[in-house]
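Here is my input; please provide its structure:
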Amino acid sequence: MKDRRPWVIAIDGSSSSGKSSLARLLAARLGYLYIDTGAMYRAVSLYFLEQSISVHQDDMVQDALFHIDIDLRHIEGQLHTFLNDRDVSDDIRSMEVSSIVSEVAAISKVRRKLVEQQRLIGQDGGIVMDGRDIGTVVFPDADLKIFLHCELDQRVTRRYEELLAKGRDITRLEVEENLKHRDHIDSTRLDSPLTQADDAHLVDNTQLTMDQTIETCLALIAGLE
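As a prediction, this is how the structure comes out:
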């Protein structure tokens, strides 16, 4: 790796498929920068909620984008999301944000702003970036593309247990309905829908532990040598 540009590794997949955990752990193993693009869209969603901006208010959305500054900072080994210099890492994981983030992410103006920022972050390589359109739109020439698949029931279980562990008052049915809703919007939106890139490696982690998923992906990375 000394004689070449560090790799760009793109990981795409549905909500709660384990993309972020996988990307974070792979980045740590490689000594790369980890970028959670979903957190960026969640930060925009939080701003819209706090400012009572509807996704249907085109002029207000356009204006809001001039007042939104998102910064991803690695602090003591953890990725923190800052919105206008305020740490919103916990706030963006609320069900309120989850309920609108797919609609916000479907807005072309929002996508253009964030995709430009994502490309700037990763232009020199040495990153593992996860999202919905990293291998198809943000970095179509990524050195390695992974499309992470996980069946809905397992994704619901993982997300439900994660929220319970954080003390959130939520039912499994609410989690299931939220993921179904997000899946539909993510896969049917006109701008950059969730889809597997033609040259992406499909990794189904429905029955895999995270350690097994990481080892599967490390084997793919080894093939880059």
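
what's the top helix by length along the chain packed up against?
Assignment by DSSP state H gives helix 172-188 as the longest helix of the chain. Applying 3 or more CB pairs under 8 Å, 6 or more residues apart in numbering; DSSP states H and E, one finds that helix 172-188 contacts helix 95-98, helix 101-105, helix 152-165. Bear in mind the C-beta positions are built from the backbone N, C-alpha and C, glycine included.

Name the stretch among these that sits most buried.
Among the helices and strands packed on helix 172-188, helix 101-105 has the highest mean neighbour count (mean count of other CB atoms under 10 Å), at a mean of 23.

Contacts for stretch 140-159, please.
The contact list for stretch 140-159, computed with CB atoms under 8 Å, 6 or more residues apart in numbering, reads 7-19, 22, 125, 134-135, 172, 175-176, 179-180, 183, 196-197, 199-206, 213, 217, 220-221, 224.

Let's see which of these end up in helices.
Among the contacts of stretch 140-159, the members that lie in helices (by DSSP H) are 19, 22, 172, 175-176, 179-180, 183, 213, 217, 220-221.

Restrict those to the buried ones and give me that as a ChimeraX selection.
Selection of the buried residues among these in ChimeraX, burial being defined by 16 or more other CB atoms under 10 Å:
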select :19,22,175,176,179,183,213,217,221
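
Out of the ones in helices among the contacts of stretch 140-159, the closest to D69 would be?
K19 (24.5 Å; CB to CB).

Not counting its neighbours along the chain, what's nearest that closest one?
D130 (4.1 Å; CB to CB, 6 or more residues apart in numbering).

Now name the helix or strand holding the one you found.
Using DSSP states H and E, D130 maps to strand 127-131.

how far out from the middle of the chain is that strand?
8 Å (CA atoms, centre = their mean, to the nearest Å).

Stretch 191-198 too?
Chain-centre distance of stretch 191-198: 14 Å, with CA atoms, centre = their mean.

Reformat the ones in helices among the contacts of stretch 140-159 as JSON lines; add pLDDT.
Shown next, in JSON lines, are the ones in helices among the contacts of stretch 140-159 (pLDDT from 0 to 100):
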{"residue": "K19", "pLDDT": "95"}
{"residue": "L22", "pLDDT": "97"}
{"residue": "R172", "pLDDT": "96"}
{"residue": "V175", "pLDDT": "96"}
{"residue": "E176", "pLDDT": "97"}
{"residue": "L179", "pLDDT": "96"}
{"residue": "K180", "pLDDT": "97"}
{"residue": "D183", "pLDDT": "96"}
{"residue": "T213", "pLDDT": "97"}
{"residue": "C217", "pLDDT": "97"}
{"residue": "L220", "pLDDT": "96"}
{"residue": "I221", "pLDDT": "93"}
